[in-house]
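> Pasting the sequence and the predicted coordinates here, then a few questions.
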Amino acid sequence: MLSEQAWIALILFVICYAVIISEKVHRTKVALIGAIFILLLKIMSQEEAIKMIDFNTIGLLVGMMIIVSITSKTGLFQYMALKSAKLVNGNPLKILVVFFCLTAACSALLDNVTTVLLFTSVTFAISDMLQINPIPFLIAEILASNIGGTATLIGDPPNIMIGSATGLGFNDFAINLIPPIVMISIVTCLALYWLYRKDMEICPNQKQRIMTLEESSFLVNIPLMKKCIAVLCLTIGGFVLHQTLHLDSATVAMAGAAILLLVGGLEPEDVFKEIEWNTIFFFIGLFILVGGLEITGIIRMVAHWAMNVTQGNTILMHVLILWLSAIGSAFVDNIPFVATMIPLIKSMGEIGHIDVTSLWWTLSLGACLGGNGTLIGASANVVVSSLAAAHGRPISFIGYMKIAFPLMILSIIISNIYIYFVYL
């Protein structure tokens, strides 16, 4: 039986989830209000709430946002995109493939929301020059950002959260997740190539337009760009070695941010105002909301249910976590979903006295790839659809889902096969 406090925590969580899904109120407001009610109704004390906040996740996000914010001021990312487009002679179908690959690669090393923000601006410029519909490119970039972001610790917020909660490092994520992500990327890219092959036919004059763009015109501060590249390389190197150096990932990210602030010559207030504080405070509120479920024993109760359903069968556990995460994350933002699943999997390990390491890779694949299913499945999806609407090219919910949901299911099937043969 649930206690009165547990019922209150559960009802608050469900209400906040429902409002977040409805998108009637900004999700950060909802998360913060829910967290405040957790405190006001004395489900936990302020000290307990602060302990529930994962400051490694917060520090890693802030550090990377600072680095990417400064780097974006140099025009480096736009230069890379246009240079790639010109290398394929302005062929739209080849541009789509190149942008897919670039978006996936950048999303593995940078925050995927920032990546799609940078690539969409170039996408609109190129589609205007070629006089073609930008939506196929935008859909490809959404899919690529979530697929590529799955590959590393820092690529997608769910992975950051899993890494912070478990102590798994950059190399752990790369070794376990890059192989299936490479396979999924190839299959998805080929599928998009086949789906859009007839929509990308243009005359030679239109192709020539893209060749008249001068990519070097995007580079607005070359000295700063060189410093950014150096710091980015050092920071990524720090992520690779952070376990060997006995440093938390947030320490590495914040060190890179501090160095770039020092050598970049920019005023901190100019950089800080571009940080996605909405995301940061959303995380803070969410950690407290989920903490309410954890401290009242609800998550442990669900873990007991999961153990009973699977009867301790590891294959069923992995299948349950993978598909539950994928379908759940398709219709609910994967950040709050993963925040709920992390303590659940920990509890399953404690109750069953089993090693749940492979379940973390299962959760990552399910939640990150599942986010591709609908336009509200992940933050990058929402950002791109908002930008498309602002440019007068809205992406319809159903239109996106017709393309993305089957491809998401295909990626989960590939993940299921990979997990079975590698871990079971």
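Nice, I can see it. Keep in mind the model is a prediction, meaning the values are calculated, not measured.

> mind listing the helices in the stretch 101-250 of the chain by residue range?
112-130, 135-149, 157-166, 170-195, 204-211, 222-241, 249-264 (DSSP state H, counting those that start in this stretch).

> Which one of those lies nearest to Gly63?
Gly63 lies closest to helix 249-264 among the helices of the stretch 101-250 of the chain, at 2.8 Å (Cβ to Cβ). The way it works is simple: take the backbone N, C-alpha and C, and place the C-beta from them, glycine included.

> And whatever helix or strand comes next after that closest one, what's buried?
Per DSSP states H and E, the first helix or strand lying C-terminal to helix 249-264 is helix 268-272. For helix 268-272, the neighbour count (16 or more other Cβ atoms under 10 Å) marks Val271 as buried.

> Then stretch 4-11?
Under the neighbour-count criterion of 16+ other Cβ under 10 Å, stretch 4-11 has 5-6, 8-9 buried.

> same question, stretch 273-287
So, applying 16+ other Cβ under 10 Å, buried residues of stretch 273-287: 275-276, 279, 281-287.

> Leaving out chain neighbours, which residue sits closest to the residue nearest to the spatial centre of the chain?
Residue closest to the mean C-alpha point of the chain, counted by Cα atoms, centre = their mean, is Asp156 at 3.0 Å. Spatially, and ignoring its direct neighbours in sequence, Asp156 is nearest to Gly149 (3.4 Å; Cβ to Cβ, 6 or more residues apart in numbering).

> Would you mind confirming that that neighbour is in contact with Thr114?
No: assessed by Cβ atoms under 8 Å, Gly149 is found out of contact with Thr114, at 10.7 Å.

> Please identify which of the two sits among more neighbours.
Comparing Gly149 with Thr114 by other Cβ atoms under 10 Å, the one with more neighbours is Gly149, at 33 against 23.

> In contact with the more buried one, which residues are there?
Taking Cβ atoms under 8 Å, 6 or more residues apart in numbering, we find Gly149 in contact with 107-108, 112, 155-156, 159, 368, 380.

> if we go to 10 Å?
103-104, 106-113, 115, 155-160, 181, 364, 368-369, 371, 378, 380 (Cβ atoms under 10 Å, 6 or more residues apart in numbering).

> same check, this time on Val187
Going by Cβ under 10 Å, 6+ apart, Val187 touches 147, 407, 410-411, 413-414.

> Mind putting those into CSV with pLDDT?
Shown next, in CSV, are the contacts of Val187 (pLDDT from 0 to 100):
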residue, pLDDT
Ile147, 97
Leu407, 97
Leu410, 97
Ser411, 97
Ile413, 97
Ile414, 97
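
> Quickly name whichever of those residues is closest to Ser69.
Checking these one by one against Ser69 (Cβ to Cβ), the nearest turns out to be Ile147, at 24.1 Å.

> okay, now the closest one: neighbour count?
Neighbour number of Ile147 under other Cβ under 10 Å is 32.

> try Ile409
18.

> How far off centre is the helix or strand harbouring it?
Using DSSP H and E, Ile409 sits in helix 397-423. With Cα atoms, centre = their mean, to the nearest Å as the basis, helix 397-423 stands 16 Å off its chain's centre.

> Mind giving me the packing neighbours of that helix?
helix 135-149, helix 170-195, helix 314-331, helix 357-370, helix 379-390 (3 or more Cβ pairs under 10 Å, 6 or more residues apart in numbering; DSSP states H and E).

> Dump these to JSON lines, plus distance to Thr74.
Output for those, formatted as JSON lines (distance: least, Cβ to Cβ, whole Å):
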{"stretch": "helix 135-149", "distance to Thr74": "21"}
{"stretch": "helix 170-195", "distance to Thr74": "25"}
{"stretch": "helix 314-331", "distance to Thr74": "34"}
{"stretch": "helix 357-370", "distance to Thr74": "28"}
{"stretch": "helix 379-390", "distance to Thr74": "21"}
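
> If any of the contacts of Val187 are buried, put those into a ChimeraX selection.
A single ChimeraX command selects the buried members of the contacts of Val187 (16+ other Cβ under 10 Å):
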select :147,407,411,414
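
> what's the farthest-apart pair in the contacts of Val187?
Put simply, by Cβ to Cβ the two of those set farthest apart are Ile147 and Ile413, 14.2 Å from each other.

> How far off centre is stretch 146-155?
For stretch 146-155, the distance to the chain centre is 7 Å (Cα atoms, centre = their mean).

> Please put the alpha-carbon coordinates of it into CSV.
Taking Å, rounded to 0.1, in the frame of the first residue of the first chain, the C-alpha atoms of stretch 146-155 are listed here in CSV:
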residue,chain,number,x,y,z
ASN,A,146,19.3,11.9,-31.9
ILE,A,147,21.1,8.9,-33.4
GLY,A,148,24.5,10.5,-33.2
GLY,A,149,23.9,11.8,-29.8
THR,A,150,23.3,8.3,-28.5
ALA,A,151,26.9,7.3,-29.3
THR,A,152,28.7,9.2,-26.5
LEU,A,153,28.4,10.3,-22.9
ILE,A,154,28.1,14.0,-23.9
GLY,A,155,26.0,13.6,-27.0
